[in-house]
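A.B. asks: can't give you the sequence, but here's the structure:
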């Protein structure tokens, strides 16, 4: 689930510049990070002169390798002064440099509290709860609003829900003032089985930060998400209307990727959406080295019958961004289609450390284990998915199916009843309920 500290991206550091540099900064100031990235890429001098906006633009387009390299070249003192150290730590995690992230965590033990709380949220997001606690020490004084959202993220990611609820209630205006704050509130509500309220909060957050991909990922959990995504994609297409805004086109492609994944899961046809995606890809040559572009090209090639080329393109996407959960899920789905369950399992297991807050990711991993007959690991994965998103009927139904195969009919029945209380029309729950009736 991507971008713990996404709000950092839109912070602009201005400076005197050439015409080309002014174009890059103007793009960045308007929130057109992809356009800014292209402008920066054209001129090495601009990259050196404006390292911070260049790193943040690279971060936005998922070129974490470039963002990491640029941020690493900025002195530690400056990174701490300008609140960049958490961004570098996230880049290190997302480029499979966990040990380097741990070293950076030690470097900021004496940093200001604001910096430590933001960094601790990153560690907690990637499953490093103990390291987050080390950064925070014994207690945290939340006297400044800027600390609150990140601190509550830590509590959520480490399952301290009661404490998180108390702080949210005391500071609700802070959470309602930003997209990231509303998303954090939505994540809390979801883990309390208050999914409709959670979706409402996340949708409000999307209005404040429409290009925040973590909000998009959260909203994928909604059962009618496919139709909603199609509606929003149509609105973005109208805004593009033959224009040259690369950031808008990238947002459009990201939504198309989400739509295609949901269509693959449901067995719906993807041809029309892929035709549309291919049309937009032809207009995105300047961003051809992005993970999303390689992923979408891979999907297009796959459905054109060029399966090896399609897989290779998705592998390139993961080579640029190992943390790209959508790429891992789609590649695993293709392997599963080819009955290559071992490769599907390996693909998803390699992506686990980056997707610890993604319930659908662990749901898919559980189904692969189930296909392999590994019921123990299937149950572990699905229970983790349900802990992240306890109000998902499909996940609950998958757990019921596993319990039935483990010859635990009473536990299976209880689980299926929970699934049907969430969604009485859940197909898998109805199927398992019928099998339980036939169970002697």
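C.D. replies: Okay, I see it. Model, not experiment: these values are computed from the prediction.
A.B. asks: alpha carbons only for contacts and neighbour counts from here, please
C.D. replies: Will do.
A.B. asks: Straight-line length of stretch 278-293, end to end?
C.D. replies: One end of stretch 278-293 to the other measures 10 Å (CA to CA, to the nearest Å).
A.B. asks: So what are the structural domains in this protein, by residue number?
C.D. replies: 1-111, 141-222, 223-342, 358-440 (automatic domain parsing).
A.B. asks: any idea of the mean pLDDT in the last one?
C.D. replies: Confidence over domain 358-440 (mean pLDDT, whole number) is 92.
A.B. asks: right, so of the domains of the chain, which gets closest to residue 120?
C.D. replies: domain 141-222 (7.0 Å; CA to CA).
A.B. asks: re earlier: as TSV, the domains of the chain with mean neighbour count would be great.
C.D. replies: TSV is the format used below for the domains of the chain (neighbours: other CA atoms under 10 Å):
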stretch	mean neighbour count
domain 1-111	19
domain 141-222	19
domain 223-342	18
domain 358-440	20
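A.B. asks: Could you dump these into TSV with distance to residue 124 added?
C.D. replies: TSV is the format used below for the domains of the chain (distance: least, CA to CA, whole Å):
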stretch	distance to residue 124
domain 1-111	10
domain 141-222	6
domain 223-342	16
domain 358-440	14
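A.B. asks: which regions of the stretch 101-250 of the chain sit below the pLDDT cut-off?
C.D. replies: Scanning the stretch 101-250 of the chain for pLDDT under 70 picks out 138-146, 193, 210-214, 216-217, 220-226, 228, 241-242.
A.B. asks: ok, now with 90
C.D. replies: Applying pLDDT under 90 to the stretch 101-250 of the chain flags residues 106-118, 121, 129-151, 153-162, 178-180, 187, 190-199, 203, 206-250.
A.B. asks: Is it correct that residue 208 is in contact with residue 176?
C.D. replies: No. Residue 208 is not in contact with residue 176 according to CA atoms under 8 Å; the separation is 9.8 Å.
A.B. asks: what's the spacing between residue 332 and residue 365?
C.D. replies: Residue 332 sits at a distance of 9 Å from residue 365 (criterion: CA to CA).
A.B. asks: which residue ranges form the helices in the stretch 1-150 of the chain?
C.D. replies: In the stretch 1-150 of the chain, the segments counted as helices under DSSP state H, counting those that start in this stretch are 19-29, 33-41, 44-49, 51-60, 64-72, 76-81, 85-94, 98-107, 113-125, 129-136, 145-157.
A.B. asks: Now the fifth one: average pLDDT?
C.D. replies: Translated: helix 64-72. Helix 64-72 shows a mean pLDDT of 95.
A.B. asks: so how far is that helix from its chain's centroid?
C.D. replies: How far helix 64-72 lies from its chain's middle: 19 Å, per CA atoms, centre = their mean, to the nearest Å.
A.B. asks: same question, the second one
C.D. replies: For helix 33-41, the gap between its own C-alpha mean and the chain's C-alpha mean amounts to 22 Å (CA atoms, centre = their mean).
A.B. asks: and if you look at the third one?
C.D. replies: With CA atoms, centre = their mean as the basis, the distance from the averaged C-alpha position of helix 44-49 to the chain average is 30 Å.
A.B. asks: Report all helices and strands that that helix contacts.
C.D. replies: In terms of contacts (3 or more CA pairs under 8 Å, 6 or more residues apart in numbering; DSSP states H and E), helix 44-49 is packed against helix 33-41.
A.B. asks: Which secondary structure elements does the helix it packs on sit against?
C.D. replies: Partner elements for helix 33-41 (3+ CA pairs under 8 Å, 6+ apart): helix 19-29, helix 44-49, helix 51-60, helix 246-266.
A.B. asks: Just want the angle from that helix to helix 246-266.
C.D. replies: Here helix 33-41 runs at an angle of 120 degrees relative to helix 246-266 (axes from the mean of the first three to the mean of the last three CA atoms, to 10 degrees).
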